[in-house]
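In: I would like to see how this sequence folds:
(one chain, ligands or ions: 2)
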Amino acid sequence: MSMRLVVVGAGGRMGRALVRAIHETEGATLVGAVERSGSPLIGEDAGTLAGVGPLGVAISDDPLATFATADGVLDFTTPAATIEFAGYAAQARIAHIIGTTGCTSEDDAKIAAAARHAPIVKSGNMSLGVNLLAALVEQASRALNAADFDIEIVEMHHKHKVDAPSGTAILLGEAAAAGRKVVLSEASVRGRDGITGAREEGTIGFASLRGGSVVGDHSVILAGAGERLVLSHHAEDRGLFARGAVKAALWAHERKPGLYSMRDVLGIGA
Ligand SMILES: NC(=O)C1=CN([C@@H]2O[C@H](COP(=O)(O)OP(=O)(O)OC[C@H]3O[C@@H](n4cnc5c(N)ncnc54)[C@H](OP(=O)(O)O)[C@@H]3O)[C@@H](O)[C@H]2O)C=CC1
Ligand SMILES: O=C(O)C1=N[C@H](C(=O)O)C[C@H](O)C1
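Out: Ligands and ions are numbered 1, 2, ... in the order given. The predicted structure follows:
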C-alpha cells in the first residue's frame with residue numbers, strides 16, 4: 001500500500017518541491033498539506049500551488065488532525081515549527097522526516113526525545129551527493145593530519161536563507177571533526193573579522209556567503225603547504241533534496257522509533 005504523506009510548510013520553497021516529488025514517486029501519496037494558521041494559502045490546493053495541477057489536497061492549519069490520516073510527515077520549516085511537529089508526529093506514531101536547519105542543541109534534545117516514540121530521519125542535507133561527500137571528508141580529514149592540513153568550509157546560498165552556517169556546512173564539519181577525532185563545537189571557528197591572530201592548528205573554519213538564487217554550494221578545503229585539496233558539491237535544483245526526503249520517508253515507514261540520519265537511509269559508512 002502507498003505511504004500516506006503530509007507536507008508541512010507546503011507553501012514554502014521546499015514544501016512545493018516536496019509536493020512535486022511525492023506526486024512523481026510510486027509508492028507515495030500526498031494526503032495532507034499544512035501551513036501556519038492565518039496563512040493566505042489555507043484552503044488552496046497543494047498540487048496547484050506546486051505546479052502539478054489539482055491533487056484534491058487542501059492546505060490546512062490543523063497539523064494534529066492531518067497527521068492522524070498519515071504514515072509520515074515531511075518537514076522543511078523552521079526550528080520552532082519542527083519542535084511542535086515532532087511532538088504531534090510522536091503522538092501519532094508516524095515517521096517524521098526533518099530537513100529544517102538552524103536547530104539549537106536544546107531543539108535537538110527535544111527531537112531526540114520525540115524519537116523515542118516514532119522514527120525520525122534528520123539531516124542538514126537530504127541529497128545523495130552531499131552525504132557521500134561527508135564520507136569522503138571524514139576519510140580525507142583522517143588521512144591528512146592537523147599539523148599539515150587546515151580545514152576550512154565555505155558555503156553559498158540564496159539571499160532568503162536565514163541561518164548560518166548552513167546545516168550542510170555543519171554536517172560536513174561534523175564529518176571533518178569525526179575524521180580528526182575532535183569535538184566540532186570545541187574546534188570550530190565561525191567567521192573572522194579584524195586582527196584575529198594567526199590560525200590556530202586543528203581548528204575547523206566556516207565562512208558563509210549569501211546572494212541571488214544559489215540553491216546550495218559547499219566546499220571543504222584541506223589546505224597544506226604548497227597544495228590544497230578541495231571537495232565540493234553544487235546543488236542545482238531543490239528537487240534533489242525533496243527526492244531524498246521522500247526516499248527517507250519510504251525507508252522510515254514502519255521502522256522502529258529512533259533518530260536516524262541520511263547516511264543510515266543511504267547506507268553510506270565512513
Ligand atoms: N535538509 C535539506 O536537505 C534542506 C534543508 N532546507 C531547510 O529547510 C527549511 C525551509 O527552507 P525553505 O523551503 O527555503 O524556506 P521557506 O521559508 O520557503 O519555507 C518554509 C515554510 O514553512 C512555513 N512555516 C513556518 N512555520 C510554520 C508553522 N508553524 N506551521 C506551518 N508552516 C510553517 C512557512 O510559512 P510562512 O512563510 O508563512 O512563515 C513557509 O511556507 C530551512 O531550514 C532550510 O535550511 C532547505 C533545503 C534542503
Ligand atoms: O536553505 C536552503 O536553501 C538550504 N538549506 C540546507 C542547509 O542549510 O544546508 C540545505 C541546502 O544547502 C539548501
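
In: tell me the confidence at the nearest residue in space to Ala187 that is not next to it in sequence?
Out: Nearest non-adjacent residue to Ala187, counting by CB to CB, 6 or more residues apart in numbering: Ile204, 5.0 Å away. Any C-beta I mention is one placed from the backbone N, CA and C, and that applies to glycine too. According to the prediction, Ile204 has pLDDT 98.

In: dump the residue contacts of the residue in the stretch 151-270 of the chain positioned nearest to ligand 1.
Out: Closest residue of the stretch 151-270 of the chain to ligand 1, CB to the nearest ligand atom: Phe241 (3.6 Å). Neighbour list for Phe241: 14, 17, 76, 99, 125-127, 235 [criterion: CB atoms under 8 Å, 6 or more residues apart in numbering].

In: element containing it?
Out: helix 239-252 (DSSP states H and E).

In: pull the contacting residues for Asp150.
Out: 199, 201, 203, 205, 222-224.

In: and the residues you listed, which are buried?
Out: 203, 205, 222-223 (16 or more other CB atoms under 10 Å).

In: doesn't Ala17 make contact with Ala239?
Out: Actually, residue 239 is Gly. It isn't Ala. Yes: assessed by CB atoms under 8 Å, Gly239 is found in contact with Ala17 at 5.6 Å.

In: chain center to stretch 74-82, what's the gap?
Out: 10 Å (CA atoms, centre = their mean, to the nearest Å).

In: wait, does that stretch make contact with ligand 2?
Out: No: residues of stretch 74-82 are not located near ligand 2 by CB under 6 Å from any ligand atom, the shortest gap being 8.3 Å.

In: do me a favour and average the pLDDT over that stretch.
Out: So the average pLDDT for stretch 74-82 ends up being 98.

In: helices along the protein, start to end?
Out: Ranges of helices within the chain are 13-24, 46-50, 63-67, 79-92, 105-114, 128-143, 167-180, 184-187, 239-252, 262-266, based on DSSP state H.

In: please name the nearest non-neighbouring residue to Leu144.
Out: Nearest one to Leu144, counting by CB to CB, 6+ apart, is Leu222 at 5.3 Å.

In: and Ser208, by the same measure?
Out: Nearest one to Ser208, counting by CB to CB, 6+ apart, is Ala164 at 4.0 Å.

In: roughly how far apart are Gly179 and Arg142?
Out: 4 Å (CB to CB, to the nearest Å).
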